[in-house]
Structures are given as structure tokens and as C-alpha cells.
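Asks: Got a sequence here, can you build the structure:
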Amino acid sequence: MTSRDKVGCPTATLPLDRLLASLAANVEQLGKRWEIAVRDRRAKEIRRMEGRKAEMAPAVELHTPLFYATCALGGVLSTGLTHLAVTPLDLVKCNMQVDPNKYRDISSGFGVLLQEQGLGGFFKGWMATLVGYSSQGACKFGFYEYFKKCYSDIAGPENADRLKTVIYLAASASAEVIADIALCPMEAVKVRIQTQPGFARCLTDGLPKLVQSEGAFGLYKGLLPLWGRQIPYTMMKFACFETIVEMVYKHAVPKPKEECSKPLQLAVSFAGGYIAGVLCAAVSHPADNLVSFLNNAKGATVADAITTLGLWGLFTRGLPLRIIMVGTLTGAQWATYDAFKVFVGLPTSGGVSSSYHATSTLRQVDHEKQN
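Replies: Just a heads-up that it's a prediction; the model follows:
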């Protein structure tokens with residue numbers, strides 16, 4: 001008797017074959033779903049990370065022309081306004097340097113000015129002060145950030161952190177050379193207005209009068225002493241500030257700078273700036289005496305200044321007042337500058353999150369990835 005399977009009936013698919021085919025299809029479908037889920041999860045993580053980066057990224061991209069222009073504007077506000085605020089102190093200091101017999105000390109200096117010129121006399125030369133130091137501040141802070149980036153690139157990512165103090169000094173000196181060219185004419189007019197009664201009322205009539213009497217070269221007669229005063233001052237100002245702030249965040253503040261509140265960061269900026277300002281005043285004071293003497297006396301030379309003031313007077317005359325003035329001034333400048341940077345979305349200056357350090361670190365990571 002012949003079996004049914006052999007009499008022309010179709011061979012039925014075994015249940016095991018159907019089960020395996022169904023299982024393979026389900027596995028394939030499950031794999032596709034898992035792949036889609038993983039891809040969606042990765043996309044969400046990438047979007048989340050990009051969102052965090054966008055929140056952390058400054059509103060102004062670092063090391064772009066807009067960044068340097070923003071730093072220059074911060075320099076205008078911090079330097080111009082703070083120098084304008086301490087005009088009375090600067091006025092007494094200049095007169096003490098030029099006429100020590102009449103202006104013997106700080107208290108008598110204020111008394112003589114008040115008696116002879118009234119309250120309005122304490123702000124003589126305010127316009128030249130505002131214009132001159134605003135121009136200087138723009139060049140000083142803007143070019144400092146520019147040169148700091150340039151010298152960090154020259155040093156390379158391996159050496160930038162090790163040579164950071166040298167970079168601070170070189171960048172600040174380079175910036176100040178340019179800044180003083182902008183300041184020098186206004187400084188010459190300011191000193192004449194403040195120390196020579198009747199010379200001029202303000203910048204608008206003092207500048208043409210000085211050019212007419214001494215020529216355009218007379219505006220830059222005090223440039224070399226000004227460089228001698230301002231370049232050491234600025235080198236101390238920036239290098240000491242950067243170092244002091246970094247030490248404060250490293251040893252005195254119990255958490256990283258990025259986790260500190262903005263008011264605390266600005267307080268650190270003021271404290272670091274004030275300490276740096278005291279050191280700046282001591283280093284640059286002899287040249288400050290020379291600048292005041294040369295701008296006040298027509299045709300005077302450095303030798304005349306040394307003969308008249310003496311070496312002791314060159315280093316000490318007006319120094320206590322200048323320490324008070326420059327310490328307060330420098331602290332206020334850094335606080336104002338960093339407050340402006342915070343306002344536009346930039347990080348505060350100094351400490352571990354300085355712009356060049358972050359850039360060097362990123363460049364070093366990219367270099368390691370490539371290798």
C-alpha cells in the first residue's frame with residue numbers, strides 16, 4: 001500500500017521550519033527597532049551636549065575681531081572712567097611733583113587748591129584725562145588680548161602654560177607701546193593745564209595752544225619717559241593680576257572659578273587688581289616724576305629733572321599718594337573691565353579659565369587626537 005505522501009500530495013512545511021522563519025523575522029524586526037532606538041538616543045545626547053555647549057559658549061566668540069573690539073571697549077570704560085574719577089588725586093600729585101615747596105604734602109596740596117581755585121579746580125584737565133586714558137585703555141586691553149593669543153600660538157600648546165608669565169609680560173609690554181602713542185599728546189596737555197595756571201581752560205583750547213608754541217613734536221616730548229613709566233607699570237599690572245587671581249582661585253577659594261558666582265569673581269578681580277596696582281605704583285613712580293617735570297618745564301631734559309628733584313626725590317616724591325591712587329585705580333579698572341565682560345557674556349579675566357589657556361588646551365587635545 002502506497003503512502004499518502006508519495007501519491008501526489010504536496011509536502012507540508014514542518015512546524016519547526018515555520019517557527020524558525022517567524023523567529024528570524026522577529027529578530028530582524030527587533031534589531032531594526034533597537035538600531036532606531038539607539039540612533040534616536042544618540043541624537044538626543046548630541047542635541048543635549050550641543051545645548052550645554054551653547055549655554056557655556058560666550059556670546060562673543062573668543063579671539064575674533066569682535067572679541068578684540070569688545071575688549072577694547074571694556075578698556076575704554078574701565079580706564080577712561082576710573083582715571084576721570086581720580087582726577088583730584090592726580091591733580092594734587094602732579095602739583096606736588098612740579099612745585100614741592102608750595103604743595104608739601106597731600107593735605108596741604110588739597111588745601112592750597114581749594115583756597116586758590118575752589119571746588120571746580122579739582123577737576124582741571126578732566127577732558128584731556130578722559131580722552132587720553134580712554135584711548136590708552138582701548139589699545140591696552142584690546143592689544144593685550146591680541147598679543148597674548150599671538151605669543152601663546154608662537155610658544156605652542158606644549159609651552160604656553162609653562163611660559164605663561166613670560167607671555168603676560170611680553171603681551172602687556174607690546175600693548176602698552178601702542179597705547180602710550182595714543183595717550184602721550186593728551187598727557188602733555190593735561191599736565192600743562194593742571195600745573196600752569198592760566199595756560200588753558202580745557203583740551204579744546206589747550207591742544208592748539210601747545211601745538212602752536214612747541215609744534216607737533218612737543219606733544220610727544222614726554223613719550224620716552226612715558227614709556228619708561230607705563231611699560232613697567234603695565235607689565236606689573238597684567239602679570240601680577242593674572243598670577244594673583246590664579247593663586248586666589250587655587251588656594252583661597254574652595255571651588256573652581258567656573259562654579260563661583262559672578263559677584264565673587266568680580267570681588268577677586270578687584271582684590272587682585274588692587275594688590276597689582278600697589279606694586280605697579282612703586283615700580284613706575286620715578287618715571288612718573290620725570291613725565292610730570294618734563295611736561296611742565298619747557299625745554300627741560302632728564303638731567304635737569306634729576307638735578308632738580310634728586311635721586312631720593314625722584315623715587316619718593318608723591319609716592320604715598322600715588323600708591324593710594326594707583327591701587328584704587330587698578331582695582332577699579334579690573335572690576336569694571338570684568339563687569340563689562342560679564343555683561344556681554346564673556347568670562348572674567350585671570351585664573352584657570354583665561355582665554356589663551358583654554359585655547360591652548362583645546363589645541364593640545366586636537367594635536368593628540370591627530371597623532
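
Asks: alpha carbons only for contacts and neighbour counts from here, please
Replies: Noted.

Asks: Tell me who's in contact with residue 260.
Replies: Listed by C-alpha atoms under 8 Å, 6 or more residues apart in numbering, residue 260 has no contact partners.

Asks: give me the number of residues near residue 303?
Replies: Other residues within reach of residue 303, judged by other C-alpha atoms under 10 Å, total 11.

Asks: Quick check: it vs residue 294, distance?
Replies: 10 Å (C-alpha to C-alpha, to the nearest Å).

Asks: Residue 146 now?
Replies: Distance of residue 146 to residue 294, given as C-alpha to C-alpha: 32 Å.

Asks: same check, this time on residue 198
Replies: For residue 198 relative to residue 294 (C-alpha to C-alpha), the value is 19 Å.

Asks: Counting neighbours, go ahead and name the busier of the two.
Replies: Comparing residue 198 with residue 294 by neighbour count (other C-alpha under 10 Å), the higher total belongs to residue 294, at 21 against 9.

Asks: Any idea how many residues pack against the residue nearest to that one when sequence neighbours are not counted?
Replies: Leaving aside its sequence neighbours, residue 294 sits nearest to residue 300 (C-alpha to C-alpha, 6 or more residues apart in numbering; 5.6 Å). Residues lying near residue 300 (other C-alpha under 10 Å) number 13.

Asks: Would you indicate which residues of the one helix or strand residue 136 maps to are buried?
Replies: If you go by DSSP states H and E, residue 136 is part of helix 126-155. Neighbour counts over helix 126-155 (16 or more other C-alpha atoms under 10 Å) mark 126-153, 155 as buried.

Asks: Ok, stretch 79-98 next?
Replies: 79-84, 86-98.

Asks: Which neighbouring elements make contact with the helix holding residue 136?
Replies: helix 65-75, helix 81-85, helix 164-195, helix 355-370 (3 or more C-alpha pairs under 8 Å, 6 or more residues apart in numbering; DSSP states H and E).

Asks: quick one: whatever helix or strand comes next after the shortest one to helix 126-155, angle?
Replies: By that I understand helix 81-85. Following helix 81-85 in sequence order, the next helix or strand is helix 87-98 (DSSP H and E). Orientation of helix 87-98 against helix 126-155 (axes from the mean of the first three to the mean of the last three C-alpha atoms, to 10 degrees) gives an angle of 90 degrees.
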